[in-house]
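> My questions are about this predicted structure, shown below with the sequence.
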Amino acid sequence: MLRRPRLAHYVAAAALLALAACGQAAEQEVQTTDATVVEESPSAAPSEPALGSAAQPTEFCAEVGRRVSAQDCADFAALSEDAAQGAAAFNAPDPMERGEVHTLQLAISFALTQEQIAARDERARLEAERLEAERVEAERLAAQAEREAAVLTTDNATEAQPGTPAPPPRSAAAPAPPLTPSETVDPLQGETVEFTPLVGRFMRAELVGNGFDIEPLSPASQEVLQDSVTTWNWRVVAREGGRRALTLRTVVEGCTAEGQCYPLRSTSQNYDVNVTVGVVGQVQDALTAAPTWLRLVAGVLTALAVLIGAWFGLRNAFRKGRAEA
């Protein structure tokens with residue numbers, strides 16, 4: 001009887017020891033988890049400022065009518081201020097036949113400054129003076145050669161005579177000035193049309209027209225550099241006759257570092273084109289415009305004409321065969 005209480009005491013003591021061990025293990029696990037969180041938090045904390053620093057604050061920019069970064073807005077404002085009247089020319093296809101393919105080229109450049117105009121005029125003046133001096137020298141040498149030939153006699157014609165003085169060395173020509181838009185377009189087919197659009201560092205050009213198939217042959221957005229001419233090209237095919245209009249639209253753009261471009265200033269130039277229609281085209285138009293019953297009658301008459309022609313052919317062949325028999 002005494003052993004049972006002792007055994008119960010032993011069991012109770014073992015249970016208390018097990019509970020104490022479980023509590024210590026749970027406390028150690030909680031402490032380990034807290035330490036892990038504490039150790040991981042310093043490395044995770046800097047990531048939040050890194051994400052926040054990548055996003056730039058935006059503000060409303062009047063130049064483009066939307067919210068952009070302050071730096072982009074400042075760049076757009078500077079590009080807008082730099083936009084100025086430039087020079088442009090294109091080869092207008094007038095007149096143009098329907099179905100004809102025409103390559104239209106638009107050339108744009110910044111306007112020449114007063115210094116550039118003066119330098120251009122000076123180069124032209126020096127070139128004219130050089131050509132005039134060469135002409136005068138050539139005439140002088142030719143007259144001197146004629147005088148020397150006149151005093152020579154027949155007896156000493158075979159003797160060695162002093163040669164004609166060599167012409168002076170030609171002076172080096174001045175470097176050719178850069179071409180203007182009109183000079184760039186002049187050699188192309190069509191009438192050269194000049195206008196003065198607003199020109200900036202980054203430009204976009206578009207060509208539209210009702211009654212035309214227009215295919216761009218160059219990038220729509222390009223960079224325009226100082227002392228150079230930038231060109232755009234389109235393949236134009238007229239599909240409808242009559243008086244048609246082509247519209248050239250040039251846009252000064254501002255582009256962000258990510259490549260997003262916004263229009264800043266624009267210029268439009270309209271040009272009327274007289275599209276003619278050939279004889280074949282006129283017949284096709286007449287047949288297309290004819291009512292259905294008229295086309296049916298034309299088809300029947302054509303079939304009758306073929307049958308009549310075949311009948312006369314058979315009759316002539318039959319008569320010829322009987323005559324030969």
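Yep, that arrived.

> where in the stretch 1-150 of the chain is pLDDT low?
For the stretch 1-150 of the chain, the stretches with pLDDT under 70 are 1-55, 113-114, 116-117, 120.

> Show me the strands in it, by range?
58-61, 66-69, 84-92, 96-97, 101-110 (DSSP state E, counting those that start in this stretch).

> which one of these lies closest to Leu264?
strand 58-61 (10.6 Å; CB to CB). (Glycine included, C-beta is placed from N, CA and C.)

> and that closest one, what does it pack onto?
Under the contact criterion of 3 or more CB pairs under 8 Å, 6 or more residues apart in numbering; DSSP states H and E, strand 58-61 touches strand 66-69, helix 70-82.

> Any chance you could list what contacts the longest one?
With CB atoms under 8 Å, 6 or more residues apart in numbering as the contact definition, helix 70-82 has outside contacts at 56-59, 61, 63-64, 68, 200-202, 252-254, 256-257, 262, 264-265.

> One more: the first one?
Contact partners of strand 66-69, identified using CB under 8 Å, 6+ apart, comprise Gln56, Pro57, Thr58, Glu59, Phe60, Cys61, Phe76, Thr256, Tyr262.

> Let me see the ranges of the helices in the stretch 51-200 of the chain.
Ranges of helices in the stretch 51-200 of the chain, per DSSP state H, counting those that start in this stretch, are 70-82, 114-151, 181-185.

> Just name the most buried of the ones you listed.
Stretch with highest mean neighbour count among the helices of the stretch 51-200 of the chain: helix 181-185 (a mean of 20; mean count of other CB atoms under 10 Å).

> Would you mind naming the residues that bridge with the nearest residue to Phe90 once chain neighbours are set aside?
Closest residue to Phe90 apart from its sequence neighbours, by CB to CB, 6 or more residues apart in numbering: Leu106 at 4.5 Å. Counting by DSSP bridges, Leu106 forms beta bridges with Phe90, Trp232.

> can you pull out the strands in the stretch 151-300 of the chain?
Under DSSP E, counting those that start in this stretch, the stretch 151-300 of the chain gives strands at 191-195, 198-199, 202-209, 212-216, 221-223, 230-238, 242-255, 261-276.

> quick one: average pLDDT of the fourth one?
The predicted model assigns strand 212-216 a mean pLDDT of 95.

> how about it: buried residues?
Of all the residues in strand 212-216, those buried under the rule 16 or more other CB atoms under 10 Å are Phe212.

> got the angle for that strand vs strand 261-276?
140 degrees (axes from the mean of the first three to the mean of the last three CA atoms, to 10 degrees).

> now the first one
Angular relation of strand 191-195 and strand 261-276 on a 0 to 180 degree scale: 150 degrees, by the same axes, to 10 degrees.

> the domain parsing of this protein - what is it?
Domain segmentation of the chain under automatic domain parsing yields 59-112+180-295, 115-151.

> Let's have these in a markdown table, adding distance to Gly309.
Formatted as a markdown table, the domains of the chain follow (distance: least, CB to CB, whole Å):
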| stretch | distance to Gly309 |
| --- | --- |
| domain 59-112+180-295 | 21 |
| domain 115-151 | 73 |
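
> Tell me which of these sits most buried.
Stretch with highest mean neighbour count among the domains of the chain: domain 59-112+180-295 (a mean of 16; mean count of other CB under 10 Å).

> if we can go back for a sec, let me see the contact set for the residue nearest to Phe90.
Contacts of Leu106 by CB under 8 Å, 6+ apart are Ala88, Ala89, Phe90, Ala205, Leu207, Thr231, Trp232, Asn233, Leu248, Thr250.

> What sits closest to Ala83 if chain neighbours are left out?
Leaving aside its chain neighbours, Ala83 sits nearest to Gly200 (4.2 Å; criterion: CB to CB, 6+ apart).
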